[in-house]
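# Based on what follows, work out the 3D shape:
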Amino acid sequence: MRKPIPAIPISPPQRASRPAQEGIPPTKAQRDSLLSAVRQYVRAVAPTPPLAMNELRGHCDRIVESTGAAEQWRDWLAVLLSNEVWRDQFAGIPFDRRLLLMPQCMRDADACRGEIDNVGLLCKACGACNIRDFQAEAERLGYIVLIAEGSPAVMSLLETGQVEAVIGVSCLSVLERVFPYMQAAAVPGLAVPLLYDGCRDTAIDIDWLWEALHVTSDDVTGRLDLDALRKQVDGWFTPAGLAETLVAAEGRTCESARDWVARNGKRWRPFLAVCAFQALCDDLGAPLPDDLRKLAVAVECFHKASLIHDDIEDADEIRYDRQSLHAEHGVPVALNVGDLLLGEGYRLIAECRCASGRKVEMLRAAAEGQRTLCLGQGAELCWAREPSPLSVAEVLDIFRRKTAPAFDVALHIGATLAGAGENVHEVLSRYSEALGIAYQIHDDLDDFHAANGNGSGQGGDAHVDRPNILLAIATENAKGDDRRRLEDVWRRRATFRQQTEEMARLFERTDALRRTSKLMESYKQLAAGSLSRLDNPSLKGLLRRVLTRIFNDTQTLFCCDDKKLEDNGE
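Numbers count the residues shown, from 1 in each chain. Next up, the predicted model:
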């Protein structure tokens, strides 16, 4: 049920004047780069809202001149700049005095069972699009939500005095028309442009909207520079940085261990440990303590040890585009280095100068995580001895035990150092489980795309030598010869390492890629939703932002008909 609002006469929906936005929108990485430039500019110049359109354009001209940003992205810069200028005032307005305005073109016009009244769309939560997800979360927070079009709806509600701030989702052309009204009324507003418009097949950056919904002045980490924090954490894993943390080299074994920890990697786990601590500590601007650095390195030692052992058990000879440790130095040496890293991780935790109770809890969390991971790997190894088709639920259970524990350990250790209570740890466990499963699904998708020459190339396998969610989903939806062919792959009578084109056709016929992507999105949303149980807005906000960063290549959500980017020229 939406919050009661007056029956205000609103003009019928107006279709956008142009069928699609001019040019290709910036990618997620490019939008992040533009936002970073905007934030630096706002810190230096401190523009005072409300900005008239000519002022906004003048500031954008200076940003373009100083950064060399593409001319075609001036409108995007204007949106980002306006959002950033209003952000602090917007954050101070209670959720129940805010309006979320979404356009009706976000619905699937063919499948939607909602009704349109004189206020807007009455969503029936049919699941044909993601409108209901945003509406439910916004209403849970306290927002008034309208699924309507254009400036009349906004201005009518502003005149009633019920609304003091607005989040508007629309195409750039409509946002441009609404801007003068918002500026004249001095109403704090955040805009989320549609990536593609045309009143059908619209697309949004799902994480941009979710982050905007949760902006609050209670979140002291809202302006924490995650890029700078990530850079600081990465600096701990350079050879020079590790020399200050790990024990002095005692021969070739220690050298190999240190080299392995320093090797490339995404380092999400130590970063998560640092983020959990940062969000819960009292002084956000204080230097990170030495104990936190030790714990971050310990978390990475555990992770790198598991990779060494996994590569041996799975007979993988490549890791980080180089020979795996056992391929380079032999299995006995690799086993020993992995064992040494496990010992180093526990040593670093034990040497922390925190209260003994916290230290015991961190050691317990690390040991429990190691145990769960081994049970998950054991299930996979037992399958590998007698491979047979696995259901989607069985594959997800392996992911739950193999991938999720490392995220849980990292967050648990960082939060424990900061003195988090049991209720926080319960939420972090739920978050970690959903995050770990989504992360492994993403890896399976990336592996397949890499094998087909159109992925990031970051995947580690690109074949089915382990339980694979794409294959499980395809098998459950296949029939006849297709199902028999997929079962042969499960039993290793055939591989898609050697026949990727045929596997791609099988996945297309079973709709496996789309179904797998949808499953990943559902676990991402489950991770985000688990944070609603947190009372600490800083931890909630920071983990939501980190979730965006981890999946920064999967943020575009097509709201209507799963329209493909290539249809729009990308």
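# what's around residue 65, how many residues?
The tally of other residues near residue 65 (other Cβ atoms under 10 Å) stands at 9. For the C-beta atoms, the positions are set from N, CA and C on the backbone; glycine is no exception.
# contacting residues around it?
Applying Cβ atoms under 8 Å, 6 or more residues apart in numbering to residue 65 gives no contacts.
# swap in residue 80?
Neighbouring residues of residue 80 by Cβ under 8 Å, 6+ apart: 31, 34-35, 38.
# After the helix or strand it falls within, which helix or strand is next?
Under the criterion of DSSP states H and E, residue 80 resides in helix 74-91. As assigned by DSSP H and E, the chain's next helix or strand after helix 74-91 is strand 98-102.
# Give me the angle between the helix holding residue 80 and strand 98-102.
150 degrees (axes from the mean of the first three to the mean of the last three Cα atoms, to 10 degrees).
# Put the alpha carbons of helix 74-91 into PDB.
Taking C-alpha atoms only, helix 74-91 is exported to PDB below (Å, rounded to 0.1, in the frame of the first residue of the first chain):
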ATOM      1  CA  ARG A  74      27.900  17.400 -20.400                       C
ATOM      2  CA  ASP A  75      24.300  16.500 -19.500                       C
ATOM      3  CA  TRP A  76      25.500  13.700 -17.400                       C
ATOM      4  CA  LEU A  77      28.000  16.000 -15.700                       C
ATOM      5  CA  ALA A  78      25.200  18.400 -15.000                       C
ATOM      6  CA  VAL A  79      23.100  15.700 -13.300                       C
ATOM      7  CA  LEU A  80      26.100  14.500 -11.200                       C
ATOM      8  CA  LEU A  81      27.100  18.000 -10.200                       C
ATOM      9  CA  SER A  82      23.500  19.000  -9.200                       C
ATOM     10  CA  ASN A  83      23.200  15.800  -7.200                       C
ATOM     11  CA  GLU A  84      26.500  16.400  -5.400                       C
ATOM     12  CA  VAL A  85      25.700  20.100  -4.600                       C
ATOM     13  CA  TRP A  86      22.300  19.100  -3.100                       C
ATOM     14  CA  ARG A  87      23.600  15.900  -1.400                       C
ATOM     15  CA  ASP A  88      24.200  17.200   2.100                       C
ATOM     16  CA  GLN A  89      20.900  19.000   2.400                       C
ATOM     17  CA  PHE A  90      19.100  16.000   0.900                       C
ATOM     18  CA  ALA A  91      20.700  13.700   3.400                       C
END
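# In that helix, which residues are buried?
By 16 or more other Cβ atoms under 10 Å, the buried positions in helix 74-91 come out as 75-87, 89-91.
# Most widely separated two among the residues you listed?
The most widely separated members of the buried residues of helix 74-91, counting by Cβ to Cβ, are 75 and 91 (24.2 Å).
# Which of the contacts of residue 80 scores worst on pLDDT?
For the contacts of residue 80, the minimum pLDDT belongs to residue 31; the value there is 83.
# helix, strand or coil for that one?
Here residue 31 is recorded as helix under DSSP: H, G, I helix; E, B strand; the rest coil.
# Go ahead and confirm it touches residue 205.
Yes. Counting by Cβ atoms under 8 Å, residue 205 is a contact partner of residue 31 at 7.2 Å.
# Could you name every residue contacting both of the two?
Contacts common to residue 31 and residue 205, judged by Cβ under 8 Å, 6+ apart, are absent.
# Now do the helix or strand residue 291 falls within: distance to the chain's middle.
Assigning secondary structure by DSSP H and E places residue 291 in helix 290-314. Distance, stretch centre to chain centre, for helix 290-314: 22 Å (Cα atoms, centre = their mean, to the nearest Å).
# Please apply the same query to stretch 245-259.
Centre-to-centre, stretch 245-259 and its host chain are 34 Å apart (Cα atoms, centre = their mean).
# buried residues in that stretch?
Neighbour-count burial for stretch 245-259, with 16+ other Cβ under 10 Å as criterion, is recorded at 245-246, 254, 256-258.
# quick check, nearest of these to residue 435?
Nearest member of the buried residues of stretch 245-259 to residue 435, counting by Cβ to Cβ, is residue 245, at 26.0 Å.
# ok, the closest one touching residue 294?
Yes. Residue 245 lies in contact with residue 294 (Cβ under 8 Å); the separation is 6.2 Å.
# Run through this structure and note the low-pLDDT ranges.
Where the chain drops to pLDDT under 70, the residues are 1-23, 104, 106-130, 149-158, 196-202, 248-249, 453-465, 493-499, 552-570.
# domain ranges for it?
28-213, 221-265+297-352, 354-535 (automatic domain parsing).
# and those as TSV, adding distance to residue 548?
Converted to TSV, the domains of the chain look like this (distance: least, Cβ to Cβ, whole Å):
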stretch	distance to residue 548
domain 28-213	4
domain 221-265+297-352	9
domain 354-535	9
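# Could you say which one of these comes nearest to residue 289?
Residue 289 sits nearest to domain 354-535 of all those, at 8.0 Å, using Cβ to Cβ.
# Now do the contacts for residue 523.
Shown in contact with residue 523 (Cβ under 8 Å, 6+ apart): 434-435, 437-438, 441.
# do residue 189 as well
The contact partners of residue 189, taken as Cβ under 8 Å, 6+ apart, are 82, 86, 90, 165-168, 182.
# Tell me the first helix or strand C-terminal of whichever strand or helix holds residue 412.
For residue 412, the host element (DSSP H and E) is helix 404-417. As assigned by DSSP H and E, the chain's next helix or strand after helix 404-417 is helix 422-451.
# Relative to residue 347, how far out is the residue of the chain most remote from its centre?
The C-alpha centroid of the chain is most remote from residue 251, which lies 40.6 Å away (Cα atoms, centre = their mean). Separation of residue 251 from residue 347 (Cβ to Cβ, to the nearest Å): 17 Å.
# tell me what the one helix or strand residue 273 maps to is packed against?
Counting by DSSP H and E, the element that carries residue 273 is helix 268-280. Judged by 3 or more Cβ pairs under 8 Å, 6 or more residues apart in numbering; DSSP states H and E, the packing partners of helix 268-280 are helix 226-235, helix 290-314, helix 404-417, helix 537-550.
# and for the last one, what are the contacting residues?
In this structure, residues lying in contact with helix 537-550 by Cβ under 8 Å, 6+ apart are 207, 210-211, 214-216, 218-222, 224, 226, 268, 271-272, 275-276, 278-280, 415, 424, 431, 435, 439, 524, 527-528, 531-532, 534, 555.
# Got a PyMOL select line for the buried ones in those?
The PyMOL selection below is limited to those of these classed as buried (16+ other Cβ under 10 Å):
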select buried, resi 207+210+211+214+215+216+219+220+221+222+224+226+268+271+272+275+276+278+279+280+415+424+431+435+439+524+527+528+531+534+555
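# Quick one: the strands in the stretch 51-200 of the chain, in order.
Counting by DSSP state E, counting those that start in this stretch, the stretch 51-200 of the chain has strands at residues 98-102, 115-116, 121-122, 144-147, 165-170, 189-193.
# Turn those strands into CSV, including distance to residue 289.
As requested, the strands of the stretch 51-200 of the chain are exported to CSV (distance: least, Cβ to Cβ, whole Å):
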stretch, distance to residue 289
strand 98-102, 37
strand 115-116, 56
strand 121-122, 51
strand 144-147, 43
strand 165-170, 37
strand 189-193, 35
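# Run a quick neighbour tally on the closest residue to residue 408 other than its chain neighbours.
Using Cβ to Cβ, 6 or more residues apart in numbering and skipping residues adjacent in sequence, the residue nearest residue 408 is residue 432, 3.7 Å away. When counting by other Cβ under 10 Å, one arrives at 26 neighbours for residue 432.
# Make 49 the first number, not 1, from now on.
All set: I'll call the first residue 49, so the last point we hit is now residue 480.
# measure residue 480 to residue 599 for me?
Residue 480 sits 15 Å away from residue 599 when distances are taken as Cβ to Cβ.
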